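> just the structure for this:
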Amino acid sequence: MQMNHSDKAAALFSQRFHCSQAVLAAFAEELGLSEEQALRLGGSFGGGMCKGEVCGACTGALMVIGLKYGQSVPGDEAAKQICSQKTVQFLNAFEAKHGSYLCRKLIGYNLASDMEREAARAAGVFVRICPQMIRTAVELTETLLGKED
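Below you'll find the model as predicted:
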């Protein structure tokens with residue numbers, strides 16, 4: 001039985017992959033990447049690029065959007081415009097649901113600080129909050145991939 005995107009992302013995150021890796025890898029094969037390639041590609045984006053910036057679940061989703069809609073041919077302004085529109089739609093929808101798309105605001109800790117990262121881990125935010133962010137990112141991505149504008 002094949003897992004859906006949300007289940008696959010949740011399973012990967014539970015194996016201690018970053019949120020960015022989990023979201024990207026959940027969609028990878030249908031977009032031409034192997035799971036291994038997706039896990040490697042998403043490896044630097046977890047925890048808001050390890051600095052509490054844009055949520056890794058969001059960056060994983062944005063990589064999926066880029067794989068589906070991104071410009072790959074010089075001068076393909078239509079693809080560039082569609083990809084940008086989908087990116088903004090995704091970020092606006094995520095922010096509307098959770099109040100931000102910045103990791104440090106979502107989890108309440110600044111991961112750029114070793115001390116705060118340890119405090120976040122001790123408080124259980126990666127177990128309590130991050131799975132919700134991953135689920136939202138996957139659901140919004142599925143919706144956007146289904147909308148052919």
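
> how many other residues sit next to residue 99?
For residue 99, the neighbour count with other CB atoms under 10 Å is 10. From N, CA and C alone the C-beta is placed, and that goes for glycine too.

> what's the helix or strand for the nearest residue to it once chain neighbours are set aside?
Distance criterion CB to CB, 6 or more residues apart in numbering; nearest residue to residue 99, sequence neighbours excluded, is residue 105 at 7.0 Å. Using DSSP states H and E, residue 105 maps to helix 103-107.

> try residue 39
Using DSSP H and E, residue 39 sits in helix 35-41.

> what about the helices in the protein?
5-14, 19-27, 35-41, 46-47, 56-69, 77-98, 103-107, 114-123, 125-128, 130-146 (DSSP state H).

> out of those helices, deepest packed?
Counting by mean count of other CB atoms under 10 Å, helix 19-27 has the highest mean neighbour count of the helices of the chain, with a mean of 30.

> hang on, the earlier thing: for the residue nearest to residue 99, give its distance to residue 146.
Applying CB to CB, to the nearest Å, the value for residue 105 to residue 146 is 28 Å.

> residue 57: what's it in contact with?
19, 20, 22, 23, 130, 133, 134, 136, 137, 138 (CB atoms under 8 Å, 6 or more residues apart in numbering).

> local confidence estimate at the fifth one?
Reported pLDDT at residue 130 in the predicted model: 97.

> do the last one as well
Per-residue confidence (pLDDT) for residue 138: 98.
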